[in-house]
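**Q** Fold the following and give me the result.
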Amino acid sequence: MTMRVGCGYDIHPLGPGRKLILGGIEIPHSKGLLGHSDSDALVHALCDALLGAMGEGDLGRHYPSSDQRFKDISSLKLLEDVVGKMRGKGYRIVNVDTIIIAQAPRLSSHMAAMQKQMAQVLGVDPDLVNVKVKSGEGIGMIGREEGIAAEAVCLIEKDN
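**A** Okay, the predicted model is just below:
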């Protein structure tokens, strides 16, 4: 059996006039994440982790912000495509662990919905997807509520 680990990271600034989407879930907030797609930093970090585990580079290599096909696209669509690439290579998910780093809004009441949404797209039991939230502790751009970051680690495997 071949097992591979991948890690991913993403960060986006917060700004007015956008919905806040994290883990594929819309979170009520006065600001949203700015970027080319829906800017779901959590799903972007997960995509990067999966792509990295497969040795397939990163999100920008497959879905560049210069490509208008990806303008305002749901990051869950990108994750679906990444999962298709993973299955095409014969891999399956062992587990996923993620962290959202945000000063605001409070996200603890949304973690289970994010976990369930991402597990559904990944085609795995929600118990295999972990979502954690950490505060910015008032430090830097995250602490000043200017942005949100996310990290993800995954373990994938395939039979030889």
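**Q** low-scoring pLDDT stretches of this protein, where are they?
**A** Low-confidence segments of the chain, defined by pLDDT under 70, are absent.
**Q** at 90 instead, please
**A** By pLDDT under 90, the low-scoring segments of the chain are 1, 60, 62-73, 159-160.
**Q** how about the residue nearest to the spatial centre of the chain, what does it touch?
**A** Centroid-nearest residue in the chain: residue 43, 1.7 Å away (criterion: C-alpha atoms, centre = their mean). Applying C-beta atoms under 8 Å, 6 or more residues apart in numbering, we find residue 43 in contact with 22, 23, 24, 75, 76, 78, 79, 118. In short, each C-beta sits where N, CA and C put it, glycine included.
**Q** How much space separates the last one from residue 146?
**A** This points to residue 118. Residue 118 sits 25 Å away from residue 146, taking C-beta to C-beta, to the nearest Å as the criterion.
**Q** So between these two, which is more surrounded?
**A** residue 118 (26 against 14; other C-beta atoms under 10 Å).
**Q** quick one: contacts for that one?
**A** 23, 24, 42, 43, 46, 79, 96, 98, 129, 131.
**Q** Remind me which helix or strand residue 50 belongs to.
**A** helix 41-54 (DSSP states H and E).
**Q** Just the CA coordinates for that helix, please, in PDB.
**A** Listed next in PDB are the C-alpha coordinates belonging to helix 41-54 (Å, rounded to 0.1, in the frame of the first residue of the first chain):
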ATOM      1  CA  ALA A  41      -9.800  29.600   2.200                       C
ATOM      2  CA  LEU A  42     -10.600  26.300   4.000                       C
ATOM      3  CA  VAL A  43     -11.500  24.400   0.800                       C
ATOM      4  CA  HIS A  44      -8.600  26.000  -1.000                       C
ATOM      5  CA  ALA A  45      -6.200  24.700   1.600                       C
ATOM      6  CA  LEU A  46      -7.800  21.200   1.400                       C
ATOM      7  CA  CYS A  47      -7.400  21.200  -2.400                       C
ATOM      8  CA  ASP A  48      -3.800  22.200  -2.100                       C
ATOM      9  CA  ALA A  49      -3.200  19.400   0.500                       C
ATOM     10  CA  LEU A  50      -4.800  16.800  -1.800                       C
ATOM     11  CA  LEU A  51      -2.900  18.000  -4.900                       C
ATOM     12  CA  GLY A  52       0.300  18.100  -2.900                       C
ATOM     13  CA  ALA A  53      -0.200  14.500  -1.700                       C
ATOM     14  CA  MET A  54      -0.700  13.400  -5.300                       C
END
